[in-house]
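Asks: My questions concern the predicted model and sequence given below.
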Amino acid sequence: MSSMDLSKMGAGVLNERWVKYLIKKTHIRNLDHRDKGIGGSAMDLHLTDQIWKMKKGSIKNSRRGVYFDTILNNIDYAERVSWDSTHQTILKKGNTYVVKIKEEFNFKGTEIHGKATTRSTIGRIDILTRLIANCTPVYDTIEKNYEGSVYLEVTPLAFSVKIDIKTTLHQLRLFHGDPRLSLLTDKELHLYDYIVLEDEESKFSSRKDNIDSLDVTLKKTKIKMRKDEDEKEGVAFVSKSVDKDTLVVDLTDKSQNDYTLFWEIEPEEIIATESVKLIEKERFYILRSRQRLKLPPNLAVYIYAVVEKIGEWRTHYAGFVHPNFGTTQEHGTPVIFEVRGHNLDVVLRHGEVLAEMKFYRMLHDSELKNGTYKDQELKLSKYFV
């Protein structure tokens, strides 16, 4: 990267140095290049003090050419929410809010595109967040030549949450060139060894067949949330039913969040020699993948739910896996699935496919090595102790 001229580059995901370059060139405004939220293949988005409660629930732009502030200024749709004197507020479960994002963008005359998703640690609390860009009729997308502000829709589903203006909920991945040109073909993908490892009874091997799919393991694993408690065994965490007015997940101070008040550990269940898990309607589960990832510095992954295949539940709110993920463990690191039951109870079976992966080429290698969940097995959000 001795020559920092983005216009001469091909297609790929922008690493941390390129994001800092865009800040310097004012393509990204209101963000310090030293911000700790600039990661290996994405950047955290920050909140402003402008927040609205949506009176009729979720609503986005219905067509191109519509600016979202016209919706927010309509009293039939939105009402302003006040922060307290310390810039904190509580978002109640089951309600939808919109917050204006601090960062502004000027990608006019560039080949930059953006794709956004919920931060992993937020998805694990069952908070649905989606980016809204002006004049763009789809969520989580910044199109070529975009200029202006963006907004974040926030819906806590399992628990009410306390946030402050420093809380980061969503992240943005930037591409130079059409993102489709950054996708690895099957032929290219199979040139890599040991980026997806198959875990079968602790025998690990490089996976070559169906390398782009992830299935669930319902085999028990050891869990230890706190140093002062005994090790437990389980296959999943499941949310408890809590009163939205009395018990709140505090995203401003994790020491206030006793995980036992919000979560149960689900044991392994065997039916006719097969491991299964009942996914109850309107409950939220945290599970892990049977495969383990070990990504090199030049690959970034987007994980998406295979909705048409998985039935009556939704899986995986947070979709980015960053370069160098899993490299601190010999056999890589599993991916966490965030699964919410819908209208009826269903039985999930060990080995079912829950998600698929798209592998993207980085424009240049990421230089960042570690992350919050680098050593995870079955793990809650970092906001629980």
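Replies: In hand now; what should we look at?

Asks: what helix or strand is residue 19 on?
Replies: Using DSSP states H and E, residue 19 sits within helix 16-24.

Asks: Run the chain-centre distance for that helix.
Replies: Mean-position distance between helix 16-24 and its chain equals 22 Å (Cα atoms, centre = their mean, to the nearest Å).

Asks: Just say helix, strand or coil for residue 60.
Replies: Under DSSP: H, G, I helix; E, B strand; the rest coil, residue 60 falls in the coil class.

Asks: And the one 10 residues further on, by the same measure?
Replies: Three-state secondary structure (criterion: three-state DSSP) places residue 70 in helix.

Asks: That one - how many residues pack around it?
Replies: 11 (other Cβ atoms under 10 Å). Any C-beta I mention is one placed from the backbone N, CA and C, and that applies to glycine too.

Asks: who's in contact with it?
Replies: Residue 70 makes no contacts at all, as judged by Cβ atoms under 8 Å, 6 or more residues apart in numbering.

Asks: contact partners of the helix holding residue 19?
Replies: By Cβ under 8 Å, 6+ apart, helix 16-24 touches 1, 4, 6, 14, 28, 31-33, 38-40, 43, 112, 174, 176, 363-364, 366-368.

Asks: Describe which strands the helix or strand following it pairs with in its sheet and in which direction.
Replies: Downstream of helix 16-24, the first helix or strand assigned by DSSP H and E is strand 28-29. Here strand 28-29 has these sheet partners by DSSP bridges: strand 104-106 (antiparallel).

Asks: Tell me how far the strand it pairs with lies from the chain's centre.
Replies: With Cα atoms, centre = their mean as the basis, strand 104-106 stands 22 Å off its chain's centre.

Asks: May I see the buried residues of that strand?
Replies: For strand 104-106, the neighbour count (16 or more other Cβ atoms under 10 Å) marks 104-106 as buried.

Asks: Domain parsing of this protein, as residue ranges.
Replies: The chain is divided into the following domains under automatic domain parsing: 6-180, 183-361.

Asks: State the mean pLDDT of the first one.
Replies: Domain 6-180 shows an average pLDDT of 95 in the prediction.

Asks: first to last residue in it, what's the distance?
Replies: End-to-end distance of domain 6-180 (Cα to Cα, to the nearest Å): 18 Å.

Asks: what do you get for the longest one?
Replies: Across domain 183-361, the straight-line distance between its terminal residues is 6 Å, by Cα to Cα.

Asks: Tell me the gap between that domain and the middle of its chain.
Replies: Distance, centroid of domain 183-361 to centroid of chain: 12 Å (Cα atoms, centre = their mean).

Asks: which residues touch the closest residue to residue 196 other than its chain neighbours?
Replies: Nearest residue to residue 196, sequence neighbours excluded (Cβ to Cβ, 6 or more residues apart in numbering): residue 207, at 4.4 Å. Shown in contact with residue 207 (Cβ under 8 Å, 6+ apart): 196-198, 291.

Asks: For the helix holding residue 19, buried residues please.
Replies: Buried-residue list, helix 16-24, by 16+ other Cβ under 10 Å: 16-23.

Asks: could those residues be laid out in JSON lines, adding distance to residue 53?
Replies: JSON lines is the format used below for those (distance: Cβ to Cβ, whole Å):
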{"residue": "16", "distance to residue 53": "35"}
{"residue": "17", "distance to residue 53": "39"}
{"residue": "18", "distance to residue 53": "37"}
{"residue": "19", "distance to residue 53": "32"}
{"residue": "20", "distance to residue 53": "35"}
{"residue": "21", "distance to residue 53": "38"}
{"residue": "22", "distance to residue 53": "33"}
{"residue": "23", "distance to residue 53": "32"}
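
Asks: Looking at those, which one is closest to residue 133?
Replies: Using Cβ to Cβ, residue 22 comes nearest to residue 133 of the buried residues of helix 16-24, at 16.5 Å.

Asks: quick revisit: going through the contacts of helix 16-24, which ones are buried?
Replies: Buried members of those, scored by 16+ other Cβ under 10 Å, are 6, 14, 28, 31, 38-40, 43, 112, 174, 176, 363-364, 366, 368.

Asks: Strands - which of those land there?
Replies: Residues of the buried ones among the contacts of helix 16-24 located in strands (DSSP state E): 28, 43, 112, 174, 176.

Asks: Mind putting those into CSV with distance to residue 303?
Replies: Output for these, formatted as CSV (distance: Cβ to Cβ, whole Å):
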residue, distance to residue 303
28, 25
43, 18
112, 23
174, 18
176, 22
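
Asks: Looking at the residues you listed, which is nearest residue 156?
Replies: residue 43 (23.3 Å).

Asks: wait, the closest one sits on residue 168?
Replies: No - the criterion here is Cβ atoms under 8 Å, and residue 43 misses it with residue 168 at 9.7 Å.

Asks: what do the two both touch?
Replies: Common neighbours of residue 43 and residue 168 (Cβ under 8 Å, 6+ apart) are residue 37.

Asks: what's in contact with the host helix or strand of residue 52?
Replies: Using DSSP H and E, the element containing residue 52 is strand 47-54. Residues outside strand 47-54 that contact it (Cβ under 8 Å, 6+ apart): 72, 77-81, 83, 87, 89, 95-102, 152-153, 163, 165-169.

Asks: Just these: which are in helices?
Replies: In this view, those that belong to helices under DSSP state H are residue 72.

Asks: List buried residues within the contacts of strand 47-54.
Replies: Using 16+ other Cβ under 10 Å as the burial test, those include 72, 77-78, 81, 89, 95-102, 152-153, 163, 165, 167-169 as buried.

Asks: circling back: how about JSON lines for the buried residues of strand 104-106, with distance to residue 57 added?
Replies: Below are the buried residues of strand 104-106 laid out as JSON lines (distance: Cβ to Cβ, whole Å):
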{"residue": "104", "distance to residue 57": "27"}
{"residue": "105", "distance to residue 57": "27"}
{"residue": "106", "distance to residue 57": "32"}
